[in-house]
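*Asks:* Just the structure for this:
(chains A and B, ligands or ions: 2)
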Amino acid sequence: PQELPLEAEDHQHQEEGEEKEEPGPENAFEKSPFHLTAEDVYDMSYVVGRELLTIRSEPSRTAQLQFKIVRILEMLEALVNESNLTVEELKMERDNLKKEVEGLRKECPAGKAEQLSLGPDKMIIDLTDPNRPRFTLQELRDVLQERNQLKAQLLIAQEELQCCKSGLISQKEDQAGPVQKESTVCNPSGSSKTNEEKTIIKRLFFFKSGK
Amino acid sequence: KMKSSLMHLVPPVSRDRIISHFPKWYTPEACLQFKDHFHAQVRSACQQRNTGTVGLKISKVVVVGDLYVGKTSLINRFCKDSFDRDYKATIGVDFEIERFEIAGVPYNLQIWDTAGQEKFKCIASAYYRGAEVIITVFDLADIQTLDHTKQWLEDALRENEPGSSFIFLVGTKKDLVSGAACERTELDAIRFANEMQAEYWSVSAKTGENVKEFFSRVAALAFEQSMLKELEKSYGRMAQIGAGNLIRIEGNSLETPESNAQANCC
Ligand SMILES: Nc1nc2c(ncn2[C@@H]2O[C@H](COP(=O)(O)OP(=O)(O)O)[C@@H](O)[C@H]2O)c(=O)[nH]1
Ligand SMILES: [Mg+2]
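*Replies:* Ligands and ions are numbered 1, 2, ... in the order given. Below is the predicted model of the structure:
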């Protein structure tokens, strides 16, 4: 940036801020802060350094240095404000886009999927969605199967309990060995389970062996 | 010995589950059979307690139909005598077991409730297999659901031997439609029922209208059918080893005019 001979003080150029034939390091101070480049910053640092050196021999130039520093701070202020605004705007734009995408997904999931060059039978899953599908059909089948088995066992246990309560045991105790019998009635998992009982459960789930 | 201990495992059934007379149909225009008494052979077998393993008998009932037509409510009204205004979709399949005493013999219905949602079809269809009774349900206040019953029946029949299941067509939510509207819909439904070879019923799970009557009818028909099958089987076995008089007499009564009438009536 140092060796730029032409000192054309062209204001239009400054407005456009394009670094064509740069007029000299001083020019960086005239530019709009939004058009500054890294080169311009080096120029400014060079100029400030030069001023600091001359200040020793010529204290009257303090004002000039002050002016330059104020200018730099002004530019910094403008840039900081601008960048904060930009960040806010970007955030808003991001949120709007998110909403738009969600809306589109809900409206036309199939069409959307095709646009994304997935097959017509494919689906996109948002891994951050807590309600996303995660279980396979087989898993659901197994869970249902297990639940139904437990329900059947519960129903059988309830009936047995009802028998215990309604004193059917004591009737039976008269007929056969009391201790042995009681365990048959009240303990569904007992080894004394009859074959017939097992067939009830089997009958309940004879569809199980299917598909 | 094992059998006697088993008998005690079954508590007595509640009084309104005791069926001694054959329950009546809802409308003669769509009914599976007109008899008002049990098959003579079944009656005598029951009287003689010659019921084989029928004390453990469970018949499978599957309930199918569109989402929201009131399948779960119908079952809950009958099995739990409750009605829930709020809707809770059935996940996949669920079941209840209802115990009866029919003609003096203990008898169970296992009633399978299925989800009407398309996404559960592939799970539910595995449960259609071996259904002695298929109940197709529609909403009397939503005529479209009647149109869909044929598809539901077809799906259920696909999993079963032809002619092995009793079919019922049930219109629910009777309380929601006026008498005139109900009659109009029933005309369509009866036509459907005849095409489906089904017996027709209008019910309300909310008021309980016809619910007990309906399930009693289901139980009686299924019971009689499975008794006949059982007796036929044991007759076949006995005949092979040259059985005694008693059995042969019972076997002969299979060919009584009564069973012919049953075959003709619908
Ligand atoms: N008024 C009225 N509402 C009913 C009746 N049966 C079911 N419903 C209501 O209809 C909705 C769906 O019933 P549900 O049994 O869950 O239907 P399913 O999807 O076929 O099992 C629920 O909100 C029930 O409260 C009925 O007989 N009368
Ligand atoms: Mg349901």
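
*Asks:* residue ranges with poor pLDDT in the chain?
*Replies:* Defaulting to chain A. A:1-22, A:108-116, A:167-211 (pLDDT under 70).

*Asks:* right idea, wrong chain: chain B
*Replies:* In the predicted model, chain B carries pLDDT under 70 at residues B:1-10, B:50-56, B:236-266.

*Asks:* Pick out the residue nearest the middle of it.
*Replies:* For chain B, the residue sitting closest to the mean C-alpha position, by C-alpha atoms, centre = their mean, is B:V218 at 3.0 Å.

*Asks:* Break chain A into its domains for me.
*Replies:* A:23-115, A:135-167 (the TED database).

*Asks:* buried residues in the last one?
*Replies:* Of the residues in domain A:135-167, A:R141, A:L144, A:Q145, A:N148, A:A152, A:L155, A:I156, A:E159, A:E160, A:C163 count as buried by neighbour count, 16 or more other C-beta atoms under 10 Å in any protein chain shown. No exception for glycine: its C-beta is placed from N, CA and C like everyone else's.

*Asks:* closest to ligand 1 among these?
*Replies:* Out of those, the one with the shortest distance to ligand 1 is A:L144. That distance is 15.7 Å, counting by C-beta to the nearest ligand atom.

*Asks:* mind checking how far the closest one is from B:I75?
*Replies:* 17 Å (C-beta to C-beta, to the nearest Å).

*Asks:* ok, now which ones touch the residue of chain A found nearest ligand 2?
*Replies:* In chain A, no residue comes nearer to ligand 2 than A:L144, which is 13.8 Å away by C-beta to the ion. By C-beta atoms under 8 Å, 6 or more residues apart in numbering or on different chains, the contact set of A:L144 is B:I91, B:G92, B:V93, B:I123.

*Asks:* again, only this time at 6 Å
*Replies:* B:G92 (C-beta atoms under 6 Å, 6 or more residues apart in numbering or on different chains).

*Asks:* host element of the closest residue to B:I58 other than its chain neighbours?
*Replies:* By the measure of C-beta to C-beta, 6 or more residues apart in numbering or on different chains, the closest residue to B:I58 outside its immediate chain neighbours is B:N108, 4.4 Å from it. B:N108 belongs to strand B:105-114 when assigned by DSSP states H and E.

*Asks:* Can you tell me what sits against that strand?
*Replies:* By C-beta under 6 Å, 6+ apart, the list of residues contacting strand B:105-114 reads B:10, B:46, B:51, B:54-55, B:57-64, B:71-72, B:75, B:90, B:93-100, B:124, B:127, B:219, B:223.

*Asks:* Quick check: phi and psi at B:V62.
*Replies:* The main-chain torsion angles of B:V62 are listed as degrees, to the nearest 10 and equal phi -120, psi 140.

*Asks:* That one: how many residues sit nearby?
*Replies:* Here the neighbour count serves as a burial measure; for B:V62 (other C-beta atoms under 10 Å in any protein chain shown) it reads 29.

*Asks:* What of the one 3 residues further on?
*Replies:* B:G65 is surrounded by 25 other residues when neighbours are defined as other C-beta under 10 Å.

*Asks:* check contacts around the closest residue to it other than its chain neighbours.
*Replies:* Here the nearest residue to B:G65 in space, its sequence neighbours aside, is B:V137; by C-beta to C-beta, 6+ apart that works out to 3.5 Å. Taking C-beta under 6 Å, 6+ apart as the definition of contact, the neighbours of B:V137 are B:G65, B:V69, B:K71, B:V170, B:T172.

*Asks:* What strand or helix carries A:V87?
*Replies:* helix A:62-107.

*Asks:* And B:F95, by the same measure?
*Replies:* Secondary-structure assignment from DSSP H and E places B:F95 in strand B:93-102.

*Asks:* Wondering if that strand reaches ligand 2 at all.
*Replies:* No - using C-beta under 5 Å from the ion as the criterion, no contacts between strand B:93-102 and ligand 2 are found, and the smallest distance is 7.6 Å.

*Asks:* Sheet-wise, list the partners of that strand with their directions.
*Replies:* If you go by DSSP bridges, strand B:93-102 pairs up with strand B:18-19 (parallel), strand B:105-114 (antiparallel).

*Asks:* Please list the residues outside the shortest one that contact it.
*Replies:* With C-beta under 6 Å, 6+ apart as the test, strand B:18-19 has contacts from B:E101, B:I102, B:S216, B:A220.

*Asks:* Can I get the residues you listed in JSON lines including distance to A:I69 and neighbour count?
*Replies:* Rendered in JSON lines, the data for the contacts of strand B:18-19 read as follows (distance: C-beta to C-beta, whole Å; neighbours: other C-beta atoms under 10 Å in any protein chain shown):
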{"residue": "B:E101", "distance to A:I69": "104", "neighbour count": "17"}
{"residue": "B:I102", "distance to A:I69": "104", "neighbour count": "26"}
{"residue": "B:S216", "distance to A:I69": "100", "neighbour count": "21"}
{"residue": "B:A220", "distance to A:I69": "103", "neighbour count": "22"}
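
*Asks:* re the thing from before, out of the contacts of B:V137, flag the one nearest to chain A.
*Replies:* For the contacts of B:V137, the closest approach to chain A (C-beta to the nearest C-beta) belongs to B:K71, at 16.4 Å.
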